[in-house]
Each structure stands twice: as C-alpha cells, then as structure tokens.
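Enquirer: all I have is the shape, not the residue letters:
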DNA sequence: GGAATAGTCAAACGAGTATTTGATTAGCTC
DNA sequence: GAGCTAATCAAATACTCGTTTGACTATTCC
C-alpha cells in the first residue's frame, strides 16, 4: 500500500536525518508512512553494520522519528530485524526473477549486493550469525530452502538439456555463484586491495559482475573440452 | 582469608572449560601457556560469533582462566582480537603456501575455512565490519594488500604462459576463488538448504572443495573453446 | 630462605544502549 | 467541537558486559 518511493530526496550530509517535517498537505501523523521510513532506514543500517553494531537511535534518526517508535511498532530491535528479513525475501524474488540466464542472474546479484537499499550483506550477516542450532525449522528457513531447491532443479534441467556438464553439482554451483556474487559486499577490504582502489565504484561493480558472469559462462557444456590435470 | 578453591573444576555442563589443572609436573603458573590458551579459545569464539557477540567471559571460560587475564595480557578485548589477526595471517601463509596450483590452493582454502581452529570466518567478519573509512593505511592492511597483489601477479604470469585466457582479470578471479572458498563457512544456512543436510559434514566439505576446484580448472586456456553469448 | 615480582583471581565499577514509563497531541467519529 | 484512540515524544530505567581495583600466591633471584 505505502512505501512507494523509499526516499524521494536526501540531504547529502554525513549522518543524514531524512526529512523531518512532512510536505505541506501531508498528514502529520501516519503510521504506515512512519513504519515504512523506519524499515527503509533499518535495512541500510542493519546491512551496513550488522545487528549488534546497529543502533536503534541511529535507525530512528535516519528515519526522522523518535526511537521509541521502534519498540512501539516492531516490539523490539530484533522484531524489526525479523520484519526486515520478511520484506527482504519478497524484494529479492522480485529483483532477481527466476528463469533468467544463470549468468544474468549473477550479474544482477552482484549489482544488488552492493546496493545499500537492497541489503545484500544481510545474507552474509545471517550466515555468520547462524550457529546451526537455534533457528532451525522456522517458517522463513523453510521458505528459503524451497527457493534454493527450485534453483537447483532449474540447473539440473539445463544439465539434462546438455547445456552444462553434468559432473557439476548444481547445488555447489549455486553456492559458488551466490557467494562470489556477494564478494564485493562481503569483502570490500579485499576488493580494494586486489583492484587497487580506495572505494568500490560503480565501474568496478560492473567490471566484477562481467568477470563473474564470464567465469560462469565458461563452464563446459556436456563434453568438457579440456581437463588436462584432473588426477582422478 | 577467603575460600580456598572456589571451583577447581566445573561440571561438564554445556559450555565446556578446557583442562583446568596442569599436568603433575607442569608449572602452576606459566604466562606463555596461559596466553596461548586464551588465544586458542579466542580464535574459536571470535570466529564463531564475531567480535561483538563474542564474550570475554566465554573466551576465558574456554581457556580455563580468569577473565581479567584477557585485559592483563592483551590490554582489552580489541587488543586480543588484533593479536588474533596477526597470528592468523602468519598461519594462513603457512597453511596455504604460494606456488601451488590455483585449484589446489582453493581446495585447501575450503578445508581451512571450516576449521574452527583456523577461523576462516574471521575474514568475512572483518569485511562486513569494514566501513571503508576507519582503519585504512595501517600496517596489517598494507601487508595483506601486498600478499594479494603477489597472488595477482602470479596469476598474470600464468596468463602470459598461455595457461589461462587473458580476458579474465586475475584480481577478479582471486576474489571469486576466495569468496567461493569461504562459502561453506559464511553461508552455512544456504549450504544446508542447498545440499539438504542438517550439518556441514567433512564429506560435504570435500565434495564442495572438489566442485569448486573443478570450476576453476575448467576456465579456458588462451583460446576460449566456446563463448556463445559474450556480447563484446 | 626471604624479598621482589609476575601470575592469577573475585568482586565492584561504569559505560553504552535497548526498553519502559508516563505524558502530550493529531486525527477521527458522532 | 467534545471525546476517544492512535501516534508520537522525552526522560528514566534496567541490564549487559568490558574494564578496573585491590588482594592473594607461585616463582625466581640473591
């Protein structure tokens, strides 16, 4: 219903505080609008700093609201984080639709991973925070697993069609693609050192996306062209 | 006088406490041994939980020492973390020597990444915590960058030798290899969903390492065998 | 064997922060 | 427009840890 434009305009100042007073003819109080602002701010902050280092005061300031509203609307900081997770999966499915060429999916994934609006780093945070014990079997986990399995089947289909050497395990390929696609977001320090830049520029993102797509596209089809030193 | 031994050893409930009393002929007090115990415990805890979620009380308990000793020997929790970083780079260089076949390096990297002793997750933690602003230009960063650049040169050398299509950017390939090599450690939740297992077994690690190495080995040499949809 | 020192510890302290409390007011309904 | 409820806020609270303090003791050196 709401959340049309995440942020129509933004001050280019350091720790920005998005517009404080609503437009002339807007309502002064609007629960949905406020919630949306908090969520937008929360995605950025959680994605950038992770759950523990994220400050509810920071999120509230960016959203331009009182920090108590986070408890009011989402129960707690963790409740807000969970809500983010739900919205994120929905957005993900939309931004990277299935059925695309695997290489094209990869490219989109790379671009999305470094977009602060998107919060691709959340995936890595979740994985690192994951202890393998606590949150098993919940709804969100099941949903995500189903999504992953769907992608596995899609790749397997291509193997049957002869587009990909069937000695590759689709599950492994997907994990490789996802992790490598997130690399700029997860290892910015390595990226800077490797590419010799001070910052992750849009050009670098495109370059890396291109390279990763090329690697994926180079995988041999049904008949592997050369495997000179495979010792088994 | 206070109580003599508050708790010489602890019930083996859940949070384990490694050996409390030294062997019969060992010294009761040994700074180096204590420091080493703390460091070993710290690697595991920091790697598993990240800096913020790691508890000095937990590290001390695992090391079987009083938690004040962490401040005493390393100044602070952060000081301990820095020391971990130093040792880690040294260990890394030893566990994954240069000069190996790239695919073999990858395999070793995968195995190391899931070894709690090694703490491959630390690399991801560092990257996620990295804000691109604070810790630039310090000694450790420079050293790591030099190491990365060395690997870039090595790959470029192979391109000159015709072993690898020179349309691949060595820096990008290394980032792909590193990030994909760490995938099991960084995205255990995805791995479980993809491979349909409850845990990351050693067999799964070997399987994934094998697969990733195969992908790397499949990269075309000087003449790309098939690039059907590369549009440049 | 008797200081001196380094190693170790338990308990108290204090900084940082999420959450609760209690008050204020916009916006809707009749 | 009176009254009610939802939305908002500032300030106080409560709690979780990392660090400091001060005391105790094994080890070493003369």
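Expert: That came through fine. Note that the coordinates shown come from a computational prediction; the quantities given were computed from them, not determined experimentally. Residues are numbered from 1 along each chain as shown, chains lettered A, B, ... in the order given.

Enquirer: list the buried residues for the lowest-mean-pLDDT helix or strand in chain A?
Expert: The weakest-scoring helix or strand in chain A, judged by mean pLDDT, DSSP states H and E, is helix A:77-95 (a mean of 84). Within helix A:77-95, the residues that count as buried by 16 or more other C-beta atoms under 10 Å in any protein chain shown are A:77, A:80-81, A:83-84, A:87-88, A:92. For every residue, glycine as well, the C-beta is placed using N, CA and C.

Enquirer: gap between that helix and the chain center?
Expert: 10 Å (C-alpha atoms, centre = their mean, to the nearest Å).

Enquirer: which strands and helices sit next to whichever helix or strand comes after it?
Expert: As assigned by DSSP states H and E, the chain's next helix or strand after helix A:77-95 is helix A:102-113. On a contact count with 3 or more C-beta pairs under 8 Å, 6 or more residues apart in numbering or on different chains; DSSP states H and E, helix A:102-113 meets helix A:77-95, helix A:170-181, helix A:183-186, helix A:202-217.

Enquirer: which residues does helix A:102-113 contact?
Expert: Contacts of helix A:102-113 from elsewhere in the structure, counted by C-beta atoms under 8 Å, 6 or more residues apart in numbering or on different chains, are A:92, A:95-96, A:100, A:118, A:120-121, A:155, A:158, A:177-178, A:180-182, A:184-185, A:205-206, A:208-210, A:212-214, A:216-217, B:229.

Enquirer: try stretch A:195-208
Expert: Contacts of stretch A:195-208 (C-beta under 8 Å, 6+ apart): A:110-111, A:114, A:183-184, A:188, A:191-192, B:132, B:136, B:149, B:169, B:171-172, B:175.

Enquirer: quick one: end-to-end length of that stretch, please.
Expert: 10 Å (C-alpha to C-alpha, to the nearest Å).

Enquirer: what's the closest of the helices and strands packed on helix A:102-113 to residue A:69?
Expert: Distance to residue A:69, taken as C-beta to C-beta, is lowest for helix A:77-95 among those, at 10.3 Å.

Enquirer: got the angle between the closest one and helix A:102-113?
Expert: Using axes from the mean of the first three to the mean of the last three C-alpha atoms, to 10 degrees, the inter-axis angle of helix A:77-95 relative to helix A:102-113 is 140 degrees.

Enquirer: what packs against helix A:77-95?
Expert: Helix A:77-95 packs on helix A:31-53, helix A:56-63, helix A:68-74, helix A:102-113, helix A:121-129, helix A:139-160, going by 3+ C-beta pairs under 8 Å, 6+ apart.

Enquirer: domains of chain A?
Expert: Residue ranges for the domains of chain A, per automatic domain parsing: A:27-82, A:96-129+A:142-220.

Enquirer: reformat those domains as CSV; add distance to residue B:30.
Expert: Formatted as CSV, the domains of chain A follow (distance: least, C-beta to C-beta, whole Å):
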stretch, distance to residue B:30
domain A:27-82, 34
domain A:96-129+A:142-220, 34
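
Enquirer: how about stretch A:113-127: buried residues?
Expert: Buried, per 16+ other C-beta under 10 Å, within stretch A:113-127: A:113-114, A:118-127.

Enquirer: do the same with stretch A:46-53
Expert: Quick answer for stretch A:46-53 (16+ other C-beta under 10 Å): A:46-47, A:49-51, A:53.

Enquirer: that stretch and chain B in contact?
Expert: Yes. Under the criterion of C-beta under 8 Å from any C-beta of the partner chain, chain B is reached by stretch A:46-53 at A:48, A:50, A:52-53.

Enquirer: burial of residue A:59, as a residue count?
Expert: As a burial measure, residue A:59 scores 24 neighbours (other C-beta atoms under 10 Å in any protein chain shown).

Enquirer: dump the residue contacts of it.
Expert: A:38, A:41-42, A:45, A:67, A:70, A:80.

Enquirer: can we see that at 6 Å?
Expert: Shown in contact with residue A:59 (C-beta atoms under 6 Å, 6 or more residues apart in numbering or on different chains): A:41-42, A:45.

Enquirer: flag the shaky bits of chain A, pLDDT-wise.
Expert: Scanning chain A with the threshold set as pLDDT under 70 gives A:1-29, A:96, A:98, A:133-137, A:223-232.

Enquirer: would you mind naming what in it lies close to chain B?
Expert: Counting by C-beta under 6 Å from any C-beta of the partner chain, the positions of chain A adjacent to chain B are A:52-53, A:124, A:127-128, A:130, A:132, A:145, A:148, A:169, A:171-172, A:174-176, A:179-180, A:183, A:186-189, A:193-195, A:208, A:211, A:218-220, A:225.

Enquirer: and those residues, which of them are buried?
Expert: A:53, A:124, A:127-128, A:130, A:145, A:148, A:169, A:171-172, A:174-176, A:179-180, A:183, A:186-189, A:193-195, A:208, A:211, A:218-220.

Enquirer: so which of those residues are also by DNA strand D?
Expert: Checked against DNA strand D using C-beta under 7 Å from any atom of the strand, these give no members in range.

Enquirer: dump the residue contacts of residue A:125.
Expert: Applying C-beta under 6 Å, 6+ apart, we find residue A:125 in contact with residue A:50.

Enquirer: could I get the phi/psi values of residue A:169?
Expert: Backbone torsions for residue A:169, taken as degrees, to the nearest 10, come to phi -90, psi 120.

Enquirer: assess the claim that it and residue B:209 are in contact.
Expert: No. Using C-beta atoms under 6 Å, residue A:169 makes no contact with residue B:209, being 11.7 Å away.

Enquirer: nearest residue to the middle of chain A?
Expert: residue A:120 (2.1 Å; C-alpha atoms, centre = their mean).

Enquirer: any idea how far that residue is from residue B:173?
Expert: 21 Å (C-beta to C-beta, to the nearest Å).

Enquirer: do residue A:158 as well
Expert: Taken as C-beta to C-beta, the span from residue A:158 to residue B:173 is 24 Å.

Enquirer: who's more crowded, these two?
Expert: Using other C-beta under 10 Å as the criterion, residue A:158 and residue B:173 rank with residue B:173 on top: 24 against 14.

Enquirer: which residue sits closest to that one, ignoring its sequence neighbours?
Expert: Nearest non-adjacent residue to residue B:173, counting by C-beta to C-beta, 6 or more residues apart in numbering or on different chains: residue B:155, 6.3 Å away.

Enquirer: next one: residue A:221
Expert: Nearest non-adjacent residue to residue A:221, counting by C-beta to C-beta, 6+ apart: residue A:163, 5.8 Å away.

Enquirer: what's the one you found sitting at in phi/psi?
Expert: phi -80, psi -10.

Enquirer: returning to what we had before: could you redo the helices and strands packed on helix A:102-113 as TSV and give each row distance to DNA strand C?
Expert: Converted to TSV, the helices and strands packed on helix A:102-113 look like this (distance: least, C-beta to the nearest atom of the strand, whole Å):
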stretch	distance to DNA strand C
helix A:77-95	4
helix A:170-181	29
helix A:183-186	22
helix A:202-217	30
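
Enquirer: okay then, goodbye and thanks.
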